[in-house]
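*Asks:* Model the following, please.
(chains A and B)
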Amino acid sequence: MVVTFPHMGTLNIPVKTFLEGIGQEVVLPPPSSKRTIELGVKHSPEFACLPLKINVGNYIEAWEKGADTVVMAGGVGPCRFGYYAQVQREILQDLGCDMEMIVMEPPDCDWKDLKHQYRRLTQRRISTGQLVKTLHLVWKKLNAVDEIEKLSLKYHPYEINRGDTKKAFDQILKWIEEAKHPKEVKEVLTAGKKKINKIERDLQRQPLRIGLVGEIYMLLEPFASLNIQWSLGDLGAEVSKSIYLSDWVKEHLVFNALHLNRSGSLKNLAKPYLNHFVGGHGLETIGHTVKYANGGYDGVIQLMPFTCMPEIVAESILPQVSKEKDIPVLSLVLDEQSGEAGVATRLEAFLDLIARRKAQQEGELVWMSI
Amino acid sequence: MVKVGIPRALLYYNYFPKWKTFFESLGAEVVVSDETTKHILNEGVKTAVDETCLPVKLFYGHVLNLKGRVDFLFMPRMVSVARNEYTCPKFLGLPDMIRQTVSELPPFIEPCVNMRKHSRQYMREIYRIGTLFSSNPCKIYKAYVAACQEQKKYQNLMIEGFTPYESLNILSGKMVREKKQPGELNIALIGHGYNIYDRYVSMNMIDKLQKMNICVLTPEMVPRHFIEKQAEKLPKDMFWTYGKQIIGSTYSFMENPRIDGIIQMTAFGCGPDSLVAELMEREAVRRKTVPFMLLTIDEHTGEAGLVTRIEAFLDMVRRKEVV
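*Replies:* Below you'll find the model as predicted:
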């Protein structure tokens, strides 16, 4: 059994560690590329959302590299993601890609099924000690990756030589990926932080602070969002993302499984605008926008794949949030047709607008030159 | 008399008799928005965000149509109508979307219909909206029972093969209940009620087919237990109630030898349909028994194009019969 799984940003690091830790042979799909999208779009339903299409492309490319089993997550709706695996299985079957699918449903609905799927995944018996050790390592890596990403995004707009931070970030990711023990992860993390701290920076700059909200895949997978988090930094904005993988894991795999509800504060923030959960991250998008507005951010950008249902609800409500909370919001709808140049132009225009607005608010009207 | 406005859009075709009876039994007057026109649709398209689907845009139009004419706007938050299932995410946020986008609307009657875990909360919500009209719990209870009975009658009429229009007319006494005459062909028209029954959006598809002497069958005409039985064949429980209805009824039409063809009508950008239609298309191709056609509609669809495709499809179906 050769296992693969779809890409989602830095997801490959913890998941690969986990699968190898329980004794599986893993083949990663090649990094998502134009070919991935082309393959995915060709074989997926026309109006499916972008993540499904990229997933399908990933599977096909992994199949070409010799994978025969896909590990995928599930869900209970109402977002389409919960039915991804079933549709993808049909697509692969009709294509003649003879791949098995192991679908991990969230533990808060069915423990038995999860256990059954886990058994399918681990053919030879893994001792509990080994499993706990692996999970510990996975947990450490998960947090390390997100910590480094947060730090890099924070320092990115100050860098003097464009691209230094991104380069360092990619390198540190490799280090984390290669670490074999929790201790090693810790060492690598410290070294990584040092490395980022050493990057030449101009601390006189006053970057605009932008909050990125929206659909989880678009936020986590730079390929799908056309590298927006880094290009915003290049344009001189400090980016905060509303969702990180570790937060998601904590919320869905740990707290929900124990039936603890933690997103209370976000819910309360969103309440005047959206009073009910709408699936996906629609409610969180509204809640985080209010949070960023309260936190004095200069603007918020919402990222969503075309036809994403929960985000459409959020998109309809955001203009009112923007008005009442006095914060500029840009909704970017992306799909396989989106071009980098078009998105870059919109981002530049948006940043120009909020820079001017900020200057006006601070009482100094200046000619902006970003 | 208090006027309660019900938009003639989205789940209107599924539940209208129930709420009409409920409000009228409590002494309110029910005002339904006008039948869809180009103007209503255009108003909706102007107000809603671009990315949203045609039915939701149309809903905006119908809400605007009722603005200023009613004291209350009935806008339930349809979260779930069956255990462990959901409706569409957009229905979950619909009242908020409307409230934040359209200004100066009358107050909403906004029950939260959520039967995902149990129906206790739903009953509490019924009572809560009942108290807007009457302080007598007995009266509210009676109104609700009458509403359920009316709804049952409506659904039974549809299972007998009457379209929602015919059923509504029969219920209000405008039409006599006659046995349906068999047509030359039996065509299943599949889709969400708000797409196939709205005469403007569907370009009067049902009437068009009926005029061609075709007997039209829709998902609402398939009894619930048939749908459940077919849906069990799916690899995973479908968590959208209406998606399940569509796929379950299609599978049972596919197994019915009297069905000559299946036409699915879906709105551009419909989330659940994008996956459900894919599963259905693949199933139809694998079975190779019944001709299947997928029609996607949006606010730009031209009537001539649609008619051409229908005629071509019917020609193909007839030819298949001969061969």
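
*Asks:* just the CA coordinates of the helix or strand of chain A with the lowest mean pLDDT, formatted as PDB?
*Replies:* In chain A, the helix or strand scored least confidently by mean pLDDT, DSSP states H and E is helix A:111-121, which has a mean of 80. Output of helix A:111-121 as PDB, limited to C-alpha atoms (Å, rounded to 0.1, in the frame of the first residue of the first chain):
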ATOM      1  CA  TRP A 111     -15.700   7.200  16.600                       C
ATOM      2  CA  LYS A 112     -16.300   3.700  15.400                       C
ATOM      3  CA  ASP A 113     -16.000   4.500  11.700                       C
ATOM      4  CA  LEU A 114     -12.800   6.500  12.400                       C
ATOM      5  CA  LYS A 115     -11.300   3.500  14.200                       C
ATOM      6  CA  HIS A 116     -12.300   1.300  11.300                       C
ATOM      7  CA  GLN A 117     -10.600   3.600   8.800                       C
ATOM      8  CA  TYR A 118      -7.600   3.800  11.000                       C
ATOM      9  CA  ARG A 119      -7.400   0.000  11.000                       C
ATOM     10  CA  ARG A 120      -7.500   0.000   7.200                       C
ATOM     11  CA  LEU A 121      -4.700   2.500   7.200                       C
END
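
*Asks:* Show me which residues of it are buried.
*Replies:* With burial defined by 16 or more other CB atoms under 10 Å in any protein chain shown, the residues of helix A:111-121 counted as buried are A:114, A:117, A:121. To be clear about C-beta, it is placed using only N, CA and C from the backbone, and glycine gets the same treatment.

*Asks:* tell me the contacts of residue B:253?
*Replies:* Taking CB atoms under 8 Å, 6 or more residues apart in numbering or on different chains as the criterion, residue B:253 is in contact with B:188, B:190, B:217, B:222, B:259, B:262, B:290.

*Asks:* Highest neighbour count among these?
*Replies:* Neighbours here are counted as other CB atoms under 10 Å in any protein chain shown. On that basis the top member of these is residue B:190, with 28 neighbours.

*Asks:* ok, and the closest non-adjacent residue to that residue?
*Replies:* The shortest distance from residue B:190 to any residue that is not its chain neighbour, by CB to CB, 6 or more residues apart in numbering or on different chains, is 4.4 Å, and that residue is residue B:264.

*Asks:* Mind telling me what element that neighbour is part of?
*Replies:* Per DSSP states H and E, residue B:264 falls inside strand B:261-267.

*Asks:* same question, residue A:173
*Replies:* Take DSSP H and E as the rule and residue A:173 turns out to sit in helix A:164-178.

*Asks:* With just CA atoms, put that helix into CSV.
*Replies:* Extracted as CSV, the C-alpha positions of helix A:164-178 are listed here (Å, rounded to 0.1, in the frame of the first residue of the first chain):
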residue,chain,number,x,y,z
ASP,A,164,14.7,36.9,1.8
THR,A,165,12.0,36.0,4.2
LYS,A,166,10.2,33.7,1.8
LYS,A,167,13.5,32.0,1.1
ALA,A,168,14.3,31.5,4.7
PHE,A,169,10.8,30.3,5.4
ASP,A,170,11.0,27.6,2.7
GLN,A,171,14.3,26.5,4.1
ILE,A,172,13.1,26.2,7.7
LEU,A,173,10.1,24.2,6.5
LYS,A,174,12.5,21.7,5.1
TRP,A,175,14.4,21.5,8.4
ILE,A,176,11.1,20.9,10.2
GLU,A,177,10.1,18.3,7.7
GLU,A,178,13.3,16.4,8.2
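
*Asks:* which residues sit against that helix?
*Replies:* By CB under 8 Å, 6+ apart, the residues outside helix A:164-178 that reach it are A:10, A:13, A:16-17, A:141, A:144-145, A:148-149, A:152, A:155-156, A:159, A:185, A:188-189, A:191-192, A:195-196, A:199-200, A:230, A:233.

*Asks:* buried stuff in that helix?
*Replies:* Residues of helix A:164-178 classed as buried: A:164, A:165, A:166, A:168, A:169, A:172, A:173, A:175, A:176, A:177 (neighbour count, 16+ other CB under 10 Å).

*Asks:* and what of stretch A:244-252?
*Replies:* The neighbour-count criterion (16+ other CB under 10 Å) identifies A:244, A:245, A:246, A:248, A:249, A:250, A:251 as the buried residues of stretch A:244-252.

*Asks:* Pretty sure the fifth one sits against residue A:142.
*Replies:* Yes: counting by CB atoms under 8 Å, residue A:142 is a contact partner of residue A:249 at 6.3 Å.

*Asks:* where's the residue of the stretch 251-370 of chain A found nearest chain B, which helix or strand?
*Replies:* Residue of the stretch 251-370 of chain A nearest chain B, by CB to the nearest CB: residue A:313 (3.5 Å). When elements are assigned from DSSP H and E, residue A:313 belongs to helix A:309-325.

*Asks:* how about the helices of the stretch 201-350 of chain A, start to end?
*Replies:* Assignment of helices within the stretch 201-350 of chain A using DSSP state H, counting those that start in this stretch yields the ranges A:216-220, A:228-234, A:245-248, A:264-270, A:282-294, A:309-325, A:340-361.

*Asks:* Let's see the longest helix seen in chain B as CSV, backbone CA atoms only.
*Replies:* As assigned by DSSP state H, the longest helix anywhere in chain B is helix B:137-159. The C-alpha atoms that make up helix B:137-159 are tabulated as CSV, following Å, rounded to 0.1, in the frame of the first residue of the first chain:
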residue,chain,number,x,y,z
PRO,B,137,-51.6,28.3,23.2
CYS,B,138,-54.6,26.2,22.3
LYS,B,139,-55.3,28.3,19.3
ILE,B,140,-51.7,28.1,18.2
TYR,B,141,-51.7,24.4,18.6
LYS,B,142,-54.9,24.1,16.6
ALA,B,143,-53.5,26.3,13.9
TYR,B,144,-50.4,24.2,13.6
VAL,B,145,-52.4,21.0,13.4
ALA,B,146,-54.5,22.4,10.7
ALA,B,147,-51.4,23.6,8.9
CYS,B,148,-49.9,20.1,9.0
GLN,B,149,-53.0,18.6,7.7
GLU,B,150,-53.2,21.0,4.8
GLN,B,151,-49.5,20.3,4.0
LYS,B,152,-50.2,16.6,4.0
LYS,B,153,-53.0,17.0,1.5
TYR,B,154,-50.7,19.1,-0.7
GLN,B,155,-48.0,16.6,-0.6
ASN,B,156,-50.4,13.7,-1.3
LEU,B,157,-51.7,15.6,-4.3
MET,B,158,-48.2,15.9,-5.7
ILE,B,159,-47.5,12.2,-5.1
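
*Asks:* Could you pull up the residues touching residue B:88?
*Replies:* Under the criterion of CB under 8 Å, 6+ apart, the neighbours of residue B:88 are A:78, A:309, B:240, B:242, B:271, B:272.

*Asks:* what pLDDT does the most centrally placed residue in chain B get?
*Replies:* The central residue of chain B, meaning the one whose C-alpha is nearest the mean C-alpha position (CA atoms, centre = their mean), is residue B:193 at 2.4 Å. pLDDT, residue B:193: 93.

*Asks:* circling back to that earlier point, residue A:321: which of the contacts of residue B:253 is nearest?
*Replies:* Within the contacts of residue B:253, distances to residue A:321 taken as CB to CB reach their minimum at residue B:190, with 37.9 Å.

*Asks:* OK, contacts around the closest one?
*Replies:* If you count contacts by CB under 8 Å, 6+ apart, residue B:190 has them with B:196, B:218, B:219, B:246, B:249, B:250, B:253, B:262, B:263, B:264, B:265, B:280.
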